[in-house]
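1. one predicted model, sequence on top.
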Amino acid sequence: MTRYNQKNRTNIRARRTGAFRISVLALIAAALLTALLARLAHMQLRDGREYAFQAEKNSYKNIPMPAVRSPIVDRNGVTMAYDAPGYSLVTLKRNGLWESRRVTFEEASEIEEKGAGAGSYVQANPMRTYPHGAVAAHVTGYVGEISPEDLQRFRHKGYRAGDRVGKSGLERQYELKITGSKGRRKLRVDSKGRFLRDAETEDALGGEPFVCAIDMRLQKEAYEALIERGRPGAALVMKAHTGEVLVMATNPSFDANLSTGGFSPEVWSSLHKDPSHPMMNRAVSVAAPLGSVFKLVTAAAALNEHILTPSSTFTCRGAFRLGSHSFKCWKGGGHGTLNMIQAIAQSCNVYFFNTGRQAGVTNLHKYAKMLGLGSRTGIDVPGEAIGLIPDPVWKQMFRRVAWLEGETINMSIGQGYVQVSPVQALVLANVYATRGRLVAPRLYLDGKTKSARIDNLSPETIEIVRQGMRAAVDGGTAARFGQLSATSAGKTGTAQDPPRPMSHAWFVGFAPYENPELVYAVFVENAGGGSAEALPVALRVLKLAEQLGYLGEPPPAPEPGPAISGRGDD
C-alpha cells in the first residue's frame, strides 16, 4: 500500500511539472504571438501610410513650364523681340517617353475642347518673335536650345536640358537678365503615367522689358542704306559722351525669326555656307585695313611727340620714293605743298608717308593703341574682334623676319598688317569728338558709362586733328557731308586688301562740330572709295538723326538744289 502511494505521488508530481512546463511554453508562445501581432499591426499602419503616400505621389506628375523671356525694346519702347504664345501636343509613347509636337492656336483650342485623349495634353511653349526680322538681328541675336556647354555654365541657375538660351547678340550677352522664371504644371496621371487632368498650375513669369539704346528708326535707315550700296558692310552711330549705341546695322543679315523653334537643318546649312556670312556681325567681328582713317593716328603721333608742328609742310607730286620703290598718292597729279590740317582734309598719302616715316613705327604703334585700336572696346555684344596693330616685335614673333621701313610707310596710311574693326574706328573718331576720352560703346540703355581720359594726348594735338577733320567736310574729301545742316567733321578712308579686287570704303566723323552729340563709323567691303561708298550711308542716317532732334533743333525743310559730290576718291 505504501509502495503504491509513493508511486502515485510521483505520478502526480510528474503531471504537475509537465502542466507547469506547458503553461510556461504557452505563455511564452502567447507573448511572442502578441509581440508579432503588435509588430505586424505597427508595420501595417506605418507602411500603409508610406505606401499610400507613394501611391498618391505616383498619381501626379510635375511638368516644368518654359520660362517667359523679357521683351527687348528700343529706347523709345519699340518692341524688338518678345515671346508670342506657342503650343505643343505632348503624348506619352509606349516606351515611356514623352513626344512633343508643335500645334497652332486653332489646333490647340480644338484639342482642349474635344479632349486630347488618354496620355496627351496641350503644353504652352513661348515662341521668340522678332518683329523687325533681319533689320536688328545682330543687335537682338536669337535664342535656341541649350547646348551641353551652356548647360554646364548655367546649371547652377536652374537650367535644364531642353531650355532656351540666348545664342548671340543681346539675347546671349544678357541671358540672365532677359530670361524669366519657370512655371510648373502638376498633372493627374493614371497607373500607366497617362495624363488624366490638371491638378494645379504655377505660371511662368517674365521680367521687365530689357531696354536697349538702339533707335529703330535710325537702325532701319542705316540697314536700308547699306543694302542700297549692294556690298557687305556695317554702320554704327553712338552718343559721344555716354557710349549709347543708336545704330548697329550689318549687311547682309538674317531673319532672326528663322530660329523660332530651332533652325531647320536646311536653313542652318544655307546660312553657314553662304559666302557673304550673313550671321556675322560685321560691326564688331570683322577686322580689315583701316586705310586713310588711320591718318588720324599718324597725325597725333607726330604732333604729340613734337616731331612735326601744324605748320610743317611737305610737297606731294603724286608719289613718294623710298629707295627703288614708289608709294603712290591717290591723286595722281599730286596735291602740291600742304600743312597738317590741309593734308588731313585732302587725305594726302605723300604727306603722311613723310609723317609716318619721321614718327617711326614705335610711335605709330603706341598712339594707335592709345587711341583704342588693336584692343576690344568693351561693347556689350559677343564676338568682338581684337584686330591688329603690328610692330617689329609682332612681326619677328609671328613672321620670323625683321620689320622693313617700307612697312612703316604702309602703316602710316592704315595699310599693310593693320586690322581694325568698325567699332574700333568708331571709338577712334570719338576720341576727337570728346576731346580726348575713350568711351566704351554700350547697347544696354541702363548700363553704366565707361569713360576714361587719355592723359598723354595734349589738347593742342586733339584740336589740330579736329580742325583737319572739319576741313575735310568743308571742301575736302568729305565735302558731300556738308549737306548736313549741322556742322560736322569727318575722315574718309579707302583701304586696299589684296587679293580682293576692290578697296574697302570707310567713313568716320562726329556732329555737331563745336559740341558733338553723335559719332559715326561706316565700313563697306570691297566697294571702292570712302567718299563715294561709305559717306552716303552716314549722311542718310545723320540727316534722319537731325530731323529727329539728335543734333539739336530739327532744321527747316531744305530747298531743292544741285547735288554736291565729294572731292577725291579717298
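-> Perfect, thanks for sending it. Residues are numbered from 1 along each chain as shown.
2. for this protein, what helix or strand is lowest in average pLDDT?
-> strand 195-202 (a mean of 57; mean pLDDT, DSSP states H and E).
3. give the next helix or strand downstream of that one.
-> Along the chain past strand 195-202, the next helix or strand (assigned with DSSP states H and E) turns out to be strand 210-211.
4. and after that following strand, which helix or strand comes next?
-> helix 216-229.
5. what comes up buried for that next one?
-> By neighbour count with 16 or more other C-beta atoms under 10 Å, helix 216-229 contains the buried residues 216-223, 225-226, 229. Bear in mind the C-beta positions are built from the backbone N, C-alpha and C, glycine included.
6. could you dump the residues you listed into a markdown table with pLDDT and distance to F210 added?
-> Formatted as a markdown table, these follow (pLDDT from 0 to 100; distance: C-beta to C-beta, whole Å):
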| residue | pLDDT | distance to F210 |
| --- | --- | --- |
| M216 | 98 | 14 |
| R217 | 98 | 19 |
| L218 | 98 | 19 |
| Q219 | 98 | 16 |
| K220 | 98 | 20 |
| E221 | 98 | 23 |
| A222 | 98 | 21 |
| Y223 | 98 | 21 |
| A225 | 98 | 27 |
| L226 | 98 | 25 |
| R229 | 96 | 31 |
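7. P85: which of these is nearest?
-> Closest approach between the buried residues of helix 216-229 and P85, by C-beta to C-beta: M216, at 23.6 Å.
8. over to stretch 131-143 now: how far is its first residue from its last?
-> One end of stretch 131-143 sits 15 Å from the other (C-alpha to C-alpha, to the nearest Å).
9. please list all residues in contact with the residue lying closest to R128 once chain neighbours are set aside.
-> Spatial nearest neighbour of R128, excluding adjacent residues (C-beta to C-beta, 6 or more residues apart in numbering): V143 at 4.9 Å. By C-beta atoms under 8 Å, 6 or more residues apart in numbering, the contact set of V143 is 69, 128, 164-167, 171, 259.
10. most neighbours of all those, which one?
-> Highest neighbour count within these: E171, with 29 neighbours (other C-beta atoms under 10 Å).
11. was I right to think it contacts H138?
-> No. Assessed by C-beta atoms under 8 Å, E171 is found out of contact with H138, at 11.0 Å.
12. among the contacts of V143, which are in helices?
-> Counting by DSSP state H, the contacts of V143 place E171 in helices.
13. closest to A299 out of the contacts of V143?
-> E171 (40.6 Å).
14. from Y130, how far off is that closest one?
-> Distance, E171 to Y130, by C-beta to C-beta, to the nearest Å: 10 Å.
15. anything in contact with each of these two?
-> Jointly contacting E171 and Y130 under the rule C-beta under 8 Å, 6+ apart are 81, 140, 142.
16. who wins for neighbours among those residues?
-> Highest neighbour count within those, by other C-beta under 10 Å: A81, with 30 neighbours.
17. and that one, how far is that from R172?
-> Look at A81 and R172: by C-beta to C-beta, they are 12 Å apart.
18. from A489, how far off is G476?
-> Note on G476: its distance to A489, by C-beta to C-beta, is 10 Å.
19. typed the wrong thing, it's A545
-> Per C-beta to C-beta, A545 is found 15 Å from A489.
20. residues near Q496, how many?
-> Here the number of neighbours of Q496 (other C-beta under 10 Å) works out to 16.
21. ok, it touching A288?
-> No. Here Q496 lies out of contact with A288, judged by C-beta under 8 Å, at a distance of 10.4 Å.
22. identify the residue spatially nearest to G144, adjacent ones excluded.
-> Excluding its sequence neighbours, the residue lying closest to G144 (C-beta to C-beta, 6+ apart) is K167, at 4.7 Å.
23. actually, N257.
-> Y130 (5.2 Å).
24. try V135
-> Excluding the flanking residues, the one nearest V135 by C-beta to C-beta, 6+ apart is Y223, at 4.9 Å.
25. domains in the protein, by residue range?
-> Domain segmentation of the chain under automatic domain parsing yields 63-85+126-210, 216-258+279-547.
26. reformat these as a markdown table; add distance to E110.
-> Converted to a markdown table, the domains of the chain look like this (distance: least, C-beta to C-beta, whole Å):
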| stretch | distance to E110 |
| --- | --- |
| domain 63-85+126-210 | 15 |
| domain 216-258+279-547 | 25 |
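27. low-confidence ranges in the stretch 201-350 of the chain?
-> Applying pLDDT under 70 to the stretch 201-350 of the chain flags the ranges 201-204.
28. can you give me the helices for it?
-> Using DSSP state H, counting those that start in this stretch, the helices of the stretch 201-350 of the chain run over 216-229, 265-273, 282-285, 295-304, 340-346, 349-359.
29. and P516, that one's in a strand?
-> No. P516: not assigned to a strand; according to DSSP: H, G, I helix; E, B strand; the rest coil it is coil.
30. what helix or strand does A527 sit in?
-> Under the criterion DSSP H and E, no helix or strand holds A527.
31. if we can go back for a sec, of all the helices of the stretch 201-350 of the chain, which lies closest to Q396?
-> Nearest of the helices of the stretch 201-350 of the chain to Q396, taken as C-beta to C-beta: helix 349-359 at 20.1 Å.
32. show me which positions of the very next helix or strand once past the closest one end up buried.
-> Elements were assigned by DSSP H and E; along the chain past helix 349-359, the next helix or strand is helix 361-370. For helix 361-370, a neighbour-count test (16+ other C-beta under 10 Å) marks 361, 363-368, 370 as buried.
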